[in-house]
Each structure stands twice: as structure tokens, then as C-alpha cells.
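[1] coordinates only, sequence not included:
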């Protein structure tokens, strides 16, 4: 059974409900999803969403999926989903899945004609993103008590968001092998390999302030007592302090990874303490801050795409070749952490004066 109804950070609201694929449709959709997974390299999360969309369509149609016509698909992706309360951005994702399925079905001669060929995408509103202000990011970063293990972890997480513009899952998915040391102007610097949307990866330099907090967290005595080892020999970077979904003896490895809800609640709690508006109290507001600061410092579009991961497929090959040292120069110039006062700012200034950073 497929359950739909989560509020997704980029696609918006999708109405709640439970839908089951018809027997004939289930086998067909499974074959299509296998093709998407193995041939196109879609992420597991995308596969799950596509199965949900096609399950809802199967539930809506009287006939099997391959026996339907254009009119039914137009009604489903348009009026039906609209009356169900789906936002235009949510319906765009459904249209994309439906068009992809029927294109595959037509190529494989399961449909004589493609009934989804002329489906149109609903217009998506272009909203101006709300960025967290420098002042509010400063207030927020001052909230964690870095004399405690939890506070130091939280400060490192927040600093990475503010300093790199990482997406939420980029921080969640960090393992120790994703921490990269490289030389910049004769000094060892830190970069992180971010694994975010789908299976896309990018390497982003870490500002000195965030690097100091991250290294302090990684060197904390309490972390050394936690089993963060993964089956492949790697280690989780950011750990949770409790996990109610597993017994205590299994609270290790992947079960130790700090999750989406934990980070979202952390940002919300510190935002309340700092007096940060609710509209800025989310992980994406940090990305908008970094993007705004990059624009202020006249970063080129390719530089911004390389740092923030706003990649178009046809430009990936171009910007992915940008030198890490060049990105470090650009991000150091735009670095929000360098424009606010943090708990490690005096230490960063001292290290820079001595030539350590």
C-alpha cells in the first residue's frame, strides 16, 4: 500500500491517502521502475515517489494503465489533483512521472500510441526565496552551548549550513570519507563531498569557522565512545543522541546518524531562542543566504552552480571542472561566517594572523 501526504520541502503539499496498484499495473510499473533505477540511475527516493504517483493513477482509472486514453490522464493530472488540494509544484512531479511511464510503455510497444505525449505541466509560481539574514544567522549560531557535546555538534551542523549552503540531506549523509583535506595558498583546508539530490555529488570548500567547529566536534571525547562504524568501513559524521526506533544494543552505525527531523527540530528550537522569524527557521534559508552573499560578491553563474549544486544537466560538464582552489577563493570572499561574529571568530583571526589559515 502506498501512503501519500507528506509536505515535501521542494514539491509542496500532496494530499493524503492510500492507494493500491491493480494486479496487472503492479507488474508493469515494477518493470518501469526497474528501468528507471538501473538504466537512468534514479535515486531510491525518486523511485518511491514515482510508485506512489502511479499507484494513485491506477486507483483513479477504471481500466488498466495501458488501456487508458489522453482524456483520462488530462482529468487526473489536472482537475482531479487540483480538487484534491495538490499544489501546482506537486502536480508537475506527477505529470513528469506519468509522461515518463507512458513514453517507456510506448517504446516497449505496450501502448499503440502515447496517451501522455501532449500532457501539459501546470505553471509553477516563481517565488522570491526568503534568505536568513546575516544578523539572524549570527544570533542563531550563538545559541548552542559549545562546552557540551550536543552543543558542539549543533554548532558544527549550523556552521556547515551557513558556510557551505548545503542542502539538508547533504549534511545528513556526511560520512568521514566525505571530509577532504587539500592545500590552498600553502595551508591545509577542509572540503566536504555533499551527496544530495538523487545521486548527485559535489565538493565544496569549508570556511575556517565551520572547519574549526567541525574538527572540535570530531575530536570530542564523547564521540570517541560512540560506535559510528558502517558496514563499508566508513563512519557517520553527525550522530543522534537517541533513537527510539531501535533497541539500545542496536544504536550504532547507521542507526546513529542524525536525521532530518532531528536537524529540523534543532533549527526550530534555536530559532525560537534567538528570535529568528519562522519564515527563516529552516535549512533552505541558509542556502538562500549563501546564494545571496555569492551574488553580492559577484560570483559567476558557474561558480554559484558549483558551490550550491544548482546544476543544469547540459552545463554539468563545464562547471564540475572548476578548480577547488578557485571555489575556495570565491566562497572565502562571500563566506557569511566571516561577516558575522561566531564563538570561534577570535580564534580564526588569531590563526590567520599566524598563517595557520
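    It's in. As the structure is a computational prediction, the values presented were derived from the model and not from experiment.

[2] drop to CA atoms for contacts and neighbour counts, all remaining ones
    Fine.

[3] Low-confidence ranges, the stretch 151-300 of the chain, go.
    Applying pLDDT under 70 to the stretch 151-300 of the chain flags residues 197-199.

[4] Tell me where it has helices.
    With DSSP state H, counting those that start in this stretch as the criterion, the stretch 151-300 of the chain has helices at 168-172, 208-218, 221-224, 260-274, 283-296.

[5] which strands and helices sit next to the biggest helix by length in the chain?
    Identified as the longest helix of the chain according to DSSP state H is helix 88-107. Where contact means 3 or more Cα pairs under 8 Å, 6 or more residues apart in numbering; DSSP states H and E, helix 88-107 is packed against strand 12-13, helix 23-38, helix 44-60.

[6] change it to 10 Å
    Applying 3 or more Cα pairs under 10 Å, 6 or more residues apart in numbering; DSSP states H and E, one finds that helix 88-107 contacts strand 12-13, helix 23-38, helix 44-60, helix 70-75, helix 81-83.

[7] So what's the model's average confidence on the very next helix or strand once past it?
    Later in the chain than helix 88-107, the nearest helix or strand by DSSP states H and E is helix 134-141. The predicted model assigns helix 134-141 a mean pLDDT of 94.

[8] what is the orientation angle of helix 134-141 with helix 283-296?
    140 degrees (axes from the mean of the first three to the mean of the last three Cα atoms, to 10 degrees).

[9] in its sheet, what does the strand of greatest length in the chain sit against?
    Counting residues, the longest strand found in the chain (DSSP state E) is strand 187-195. Under the criterion DSSP bridges, strand 187-195 sits next to strand 179-184 (antiparallel), strand 201-205 (antiparallel) in its sheet.

[10] of all those strands, which lies closest to residue 230?
    Nearest of the strands paired with strand 187-195 to residue 230, taken as Cα to Cα: strand 179-184 at 15.7 Å.

[11] buried set for that closest one?
    residue 179 (16 or more other Cα atoms under 10 Å).

[12] now it: how far from the chain's centre is it?
    Relative to its chain's centre, strand 179-184 lies at 23 Å (Cα atoms, centre = their mean, to the nearest Å).

[13] ok, and what's touching that strand?
    Applying Cα atoms under 10 Å, 6 or more residues apart in numbering, the contact partners of strand 179-184 are 187-194, 203-206, 237, 324-326, 328-329, 357.

[14] how about a cut-off of 6 Å?
    The contact list for strand 179-184 (Cα atoms under 6 Å, 6 or more residues apart in numbering) reads 188-192.

[15] For the residues you listed, pick the one with the most neighbours.
    When neighbours are taken as other Cα atoms under 10 Å, the top entry among the contacts of strand 179-184 is residue 192 (24 neighbours).

[16] Let me see the contact set for that residue.
    Contacts were defined as Cα under 6 Å, 6+ apart; by that measure residue 192 touches 178-180, 203-204.

[17] Is it possible to get CSV of these that adds distance to residue 119?
    Shown next, in CSV, are the contacts of residue 192 (distance: Cα to Cα, whole Å):
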residue, distance to residue 119
178, 41
179, 44
180, 45
203, 37
204, 38
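
[18] which among those residues gets closest to residue 115?
    Using Cα to Cα, residue 203 comes nearest to residue 115 of the contacts of residue 192, at 41.6 Å.

[19] Identify the bridge partners of the closest one.
    Beta-bridge partners for residue 203, by DSSP bridges, are residue 193.

[20] pretty sure it contacts residue 193?
    Yes. If you go by Cα atoms under 6 Å, residue 203 and residue 193 touch, sitting 4.3 Å apart.

[21] Per the annotation, how does this structure divide into domains?
    Per automatic domain parsing, the structural domains of the chain span 2-107, 134-353.

[22] now these in CSV, with distance to residue 117?
    As requested, these are exported to CSV (distance: least, Cα to Cα, whole Å):
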stretch, distance to residue 117
domain 2-107, 7
domain 134-353, 22
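
[23] who wins for proximity to residue 122 among the ones you listed?
    Per Cα to Cα, nearest to residue 122 of the domains of the chain: domain 2-107, 5.7 Å.

[24] hmm, back to that, can you tell which of the helices of the stretch 151-300 of the chain is closest to residue 303?
    helix 283-296 (8.8 Å).

[25] could you check the angle helix 283-296 makes with the helix or strand following the closest one?
    The first helix or strand that comes after helix 283-296 along the chain, using DSSP H and E, is helix 301-308. Angle between the axes of helix 301-308 and helix 283-296 is 150 degrees (criterion: the same axes, to 10 degrees).

[26] what pLDDT, on average, does helix 301-308 get?
    pLDDT averaged over helix 301-308 gives 82.

[27] Which residue is most remote from the mean position of this structure?
    residue 112 (38.8 Å; Cα atoms, centre = their mean).

[28] List the buried residues in stretch 110-125.
    111, 113-116, 119, 121-122.

[29] whoops, I mixed them up, stretch 96-111
    By 16+ other Cα under 10 Å, the buried positions in stretch 96-111 come out as 96-106, 111.

[30] ditto for stretch 230-245
    So, applying 16+ other Cα under 10 Å, buried residues of stretch 230-245: 235-240, 243.

[31] Looking at those residues, which one is closest to residue 72?
    For the buried residues of stretch 230-245, the residue nearest residue 72 by Cα to Cα is residue 243; the value is 45.0 Å.

[32] Good, we can wrap up now.
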